[in-house]
Each structure stands twice: as C-alpha cells, then as structure tokens.
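S.K.: Okay, predicted coordinates and the sequence, questions at the end:
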Amino acid sequence: MTSAPPPVEVDGLTKYYGDVRGVEDLTFSVESGEIFGFLGPNGAGKSTAIRVLLGLLKPTDGQARILGRDVTDRNELRNAKQQLGYLPSDVSFYDRVTGATVLDYFGRIRGEQRRTELLERFPVPLDRNVKAYSSGNRQKLAIVATFMHDPELAIMDEPTSGLDPLVQNEFYALLEERQERGQTSFFSSHVLSEVRRVCDRVGIIRDGQLIELDTVTNILEAGGTVVTVRLAEEPPVSALEVPGTGHAERIDDAYRLVLSREFDPLIDRLHEYTVLDLEVREASIEDVFMHFYGDADDGESIETSAHSSES
Ligand SMILES: Nc1ncnc2c1ncn2[C@@H]1O[C@H](COP(=O)(O)OP(=O)(O)OP(=O)(O)O)[C@@H](O)[C@H]1O
C-alpha cells in the first residue's frame, strides 16, 4: 500500500509578477496532521505562495501540489478543493447578502456538516448583511465557511487578523482538535506568539525565499541563550565577544549577547568588570526572528505579540 502524499508539496516554486519577485525557488512539504506556520513580514511572499497553491496564480516555474494534485491542472485542483478549506487574507464576501446566505452558498458547494457547531463557537449576526459586519465578524464568518465541511487540509492567509484574543484562542483550539484527527492546517502569519503557540513546524520566508524550515522546538534550541549584562565600566562590545558568542551588541547601557551552551569563557571575561545587572534566558522566537530580520531596513514589520499594536 502506498502512503498518502503530503497535503502540501512545493518544489522549486517561483512566481514573478513581471520583473517583481513574488517567491523564488520555494521547496517544502507539509505532512498530514501538521500545523505549519508560514512566517514572514509584509511583502515577504506569503500570499503569493498561498495564491499559487490555490490555483489563483500560475507559477513562473516549479511545481505545487495539494492533497497530491497538481494545482495547475484544473480538473485535479477541482477534486482537491472538495477536501480543502481556504481562508483568504482579505475576506471579500458579497456585501449585499446575509451571513446565512454566504454559508448556504459554500454549504451547497462543499458541505456543511460542522456549520451549527462552528457557529456556536464563532457566533456572527447571521441575518444581517455582511456589509454591516465588523472586521472581526467577517473573519469569524470566514472561519465557519472555511471549516464547516471539515476539510482534510486548511490553507489560511493570516487567519487571526481582526480577531479578539478570546476568539483567537477558540481558533487555535480548533486547529489543535483538527490535528488530533490527523487533519492538516497551513497558515501564514506575521504574529510570532501564535506561531510559537500552535505550530509544529515553521517555514520562514524573506524576500521571496525560504530562509528557515524546522520545528519550532529546534529553532528555539538553536537560538541559544540570551545574556543581558550591565557593567559599571563601558568596554567596547568586542571585549565581550568571547568564544561561543554568536552575536553581541550594545543596547542603551547594557550589552546583549547570544551564546551557545558554553558559559565559562563569558564568566571569566566578566571577572574583569563590575557586573551591575545580569539576565540569562533562553532565546525566544522573537530573538530568532530578529536574527533573520534585524538588519532589514525596508519597513518590514513583525508583530512579536498578537496585540503589540494595542499595548
Ligand atoms: N499583483 C501583484 N503585482 C505585482 N507585484 C505583486 C503583486 N502581488 C504581490 N506582489 C509583490 O510580490 C512580493 C510578495 O508579496 P506578497 O503579497 O506575496 O507578500 P506577503 O508576505 O503576503 O505580504 P503581506 O503580509 O503584506 O500580505 C511583494 O514585493 C509584492 O509587492
């Protein structure tokens, strides 16, 4: 018996918009039952990759398959879509219809066995025109539409944007329940906290290219230990760059060092100074991100918490 193909398979995928690079040479696959986060700041290429996966854009080069079907083949894609839930980044339902009509429409096409249950978890004013919906309600309606046929694979472009924290939690719980049943979820995000919380594996994309692909656990382990130290003296940063230091910088009146597991060389060096303050902690996913994006100067933005704009 042959095993089922990976729900998402991308090989050498490249998409240019004329001269503008959308994504270049992406290769990865997502396994059954995984919650996979596709991570990157604005303009990195996440939506482009997702739109190719859904057959909405034709690749310039390379292959993309969902549920074992070639997304550039209309018939194959139609078959795959019966088992696919898709949540686009800007939810554009027909404004002049009610939420109930929207769900009726998708229900007729793909099925709606989980509709009632999902509406209890993500309630929306069903009888009202979608035009009058808040952005959060639109997003909740989109979640119900995405999952009510209980798809094997869900592909979502920034699914939690506009949701309040309680609804976000409900959404993460939904993904985890799906995982227990072996169903697969793939979503793009620029919110690090949610990726750390729910994803098994992440692909990090920058300037259209995949720059990291690993489990969240491995990425955090490889991130090292972050040491922040304040000294009475003001030595140059280079004075603290002992063996095992991956990165060192001066931030205000402190020194921030990323170390591998070896601490002795730093402790020896610190003997030469008066230590006023010392903090040692494991690297966070934010630290890992800053490592990849810290030198970006083109306005890329990453939210280090789901609500950083509100705090
Ligand atoms: N229709 C288009 N025509 C020309 N260039 C485009 C088009 N869509 C996207 N691009 C460009 O492709 C690159 C990748 O954009 P994309 O929207 O895929 O990024 P993203 O990671 O999804 O960003 P965001 O988080 O802002 O949605 C960007 O440089 C963008 O300007």
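M.R.: Yep, it's here.
S.K.: how about the helices in the chain?
M.R.: Secondary structure of the chain (DSSP state H): helices at 46-53, 74-81, 99-110, 115-121, 135-147, 165-180, 192-198, 216-222, 264-270, 285-293.
S.K.: Among those, which comes closest to the ligand?
M.R.: When the helices of the chain are compared by Cβ to the nearest ligand atom, helix 46-53 sits nearest the ligand, at 3.1 Å. Glycine gets a C-beta too; all of them are placed from N, C-alpha and C.
S.K.: quick one: average pLDDT of that closest one?
M.R.: For helix 46-53, mean pLDDT rounds to 94.
S.K.: Dump it to PDB, restricted to CA.
M.R.: Output of helix 46-53 as PDB, limited to C-alpha atoms (Å, rounded to 0.1, in the frame of the first residue of the first chain):
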ATOM      1  CA  LYS A  46       3.400  34.500   1.800                       C
ATOM      2  CA  SER A  47       0.200  35.500  -0.100                       C
ATOM      3  CA  THR A  48       1.900  34.800  -3.400                       C
ATOM      4  CA  ALA A  49       2.800  31.300  -2.400                       C
ATOM      5  CA  ILE A  50      -0.700  30.700  -1.000                       C
ATOM      6  CA  ARG A  51      -2.400  32.000  -4.100                       C
ATOM      7  CA  VAL A  52      -0.300  29.700  -6.300                       C
ATOM      8  CA  LEU A  53      -1.300  26.800  -4.000                       C
END
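S.K.: quick check: angle from that helix to helix 74-81?
M.R.: 110 degrees (axes from the mean of the first three to the mean of the last three Cα atoms, to 10 degrees).
S.K.: Centre of the chain to helix 46-53, how far?
M.R.: Computed by Cα atoms, centre = their mean, to the nearest Å, the chain-centroid distance of helix 46-53 equals 13 Å.
S.K.: list the helices and strands it packs on?
M.R.: Applying 3 or more Cβ pairs under 8 Å, 6 or more residues apart in numbering; DSSP states H and E, we find helix 46-53 packed against strand 8-17, strand 20-30, strand 35-39, strand 61-66, strand 153-157, strand 184-189.
S.K.: change it to 6 Å
M.R.: If you count contacts as 3 or more Cβ pairs under 6 Å, 6 or more residues apart in numbering; DSSP states H and E, helix 46-53 packs onto strand 20-30, strand 61-66, strand 153-157.
S.K.: Residues contacting it, please?
M.R.: 15, 22-23, 38, 40, 57, 59, 64, 66, 71, 89, 155, 157, 188 (Cβ atoms under 6 Å, 6 or more residues apart in numbering).
S.K.: can you rerun that using 8 Å?
M.R.: Contact partners of helix 46-53, identified using Cβ atoms under 8 Å, 6 or more residues apart in numbering, comprise 8, 10, 13, 15, 22-23, 26, 38-40, 57-59, 64, 66, 71, 89, 155, 157-158, 188, 205, 208.
S.K.: Of the residues you listed, which ones also sit close to the ligand?
M.R.: The subset of these within reach of the ligand, by Cβ under 6 Å from any ligand atom, is 22, 40, 89.
S.K.: From those, list just the buried residues.
M.R.: Among these, those classed as buried by 16 or more other Cβ atoms under 10 Å are 22, 40.
S.K.: So which one of the ones next to the ligand among the contacts of helix 46-53 is the model least confident about?
M.R.: residue 89 (82).
S.K.: got the phi/psi numbers for that one?
M.R.: Here is the backbone geometry of residue 89 (degrees, to the nearest 10): phi -70, psi -40.
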